[in-house]
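*Asks:* Starting from these lines, generate the structure:
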Amino acid sequence: MSFGRVIAYVVMSATQAVAKAFTLALREGAKNAKEGAPAAKNAASAAAAGVSKRSGMALEEAQKVLNITESASYADIQKNYQHLFLANEKAKGSFYLQSKVYRAGQTLEDAWTDKFEGQVPLDESVKEAVEELKKQLAEAEEAERLKKEELQKKREEQSKNKDK
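*Replies:* Numbers count the residues shown, from 1 in each chain. The predicted model follows:
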């Protein structure tokens with residue numbers, strides 16, 4: 001076999017392989033167009049897997065990046081986020097790590113928003129204030145109940161005195 005024939009054979013084989021791959025890609029594209037956008041399917045599967053639409057990061061990964069647990073308070077998340085974000089500023093740290101911290105913050109913010117349906121999550125000081133208010137309300141209700149009982153007793157005594 002001559003050198004020219006070998007070159008021609010290699011070129012023909014490569015052309016056939018490229019043509020076959022191109023044809024398969026065209027068929028796959030037409031099939032996907034008929035079935036619906038694969039991007040929508042990927043977005044739905046990503047959402048089902050716990051991946052944030054905004055940041056593209058999984059919730060578990062975000063928790064690892066910010067070094068928090070699933071039961072961490074909003075204040076803990078904010079504290080760790082601020083610390084890691086500032087620690088990785090351009091002058092001191094890594095832009096890559098700062099980007100990871102930023103995406104983790106977005107992911108956890110989305111998770112909190114979904115969890116509380118748009119409500120702002122309460123930190124510990126706000127929770128304590130709410131508990132204090134509940135306690136004060138219960139005490140005020142008890143005081144009002146006692147006043148009503150006293151008033152009722154006075155009315156009963158007055159009606160007994162009138163009857164005599």
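*Asks:* What ranges does the protein have for its strands?
*Replies:* Using DSSP state E, the chain contains no strands.
*Asks:* how close does the residue at minimal distance from the centre of it sit to residue 22?
*Replies:* Centrality entry for the chain: nearest residue to the mean C-alpha point is residue 111, 1.7 Å, by CA atoms, centre = their mean. For residue 111, the distance to residue 22 equals 43 Å [CB to CB, to the nearest Å]. Backbone N, C-alpha and C define where each C-beta goes, glycine included.
*Asks:* what helices or strands is the longest helix anywhere in the chain leaning on?
*Replies:* Ordering each helix of the chain by length in residues (DSSP state H) puts helix 124-163 first. Judged by 3 or more CB pairs under 8 Å, 6 or more residues apart in numbering; DSSP states H and E, helix 124-163 is in contact with no other helix or strand.
*Asks:* What's the mean pLDDT across it?
*Replies:* For helix 124-163, the mean pLDDT works out to 83.
*Asks:* How far does that helix sit from its chain's centre?
*Replies:* Between the centre of helix 124-163 and the centre of its chain there are 43 Å (CA atoms, centre = their mean, to the nearest Å).
*Asks:* buried residues in it?
*Replies:* Neighbour counts over helix 124-163 (16 or more other CB atoms under 10 Å) mark no residue as buried.
*Asks:* What of stretch 76-89?
*Replies:* 76-78, 80-81, 84-85, 88.
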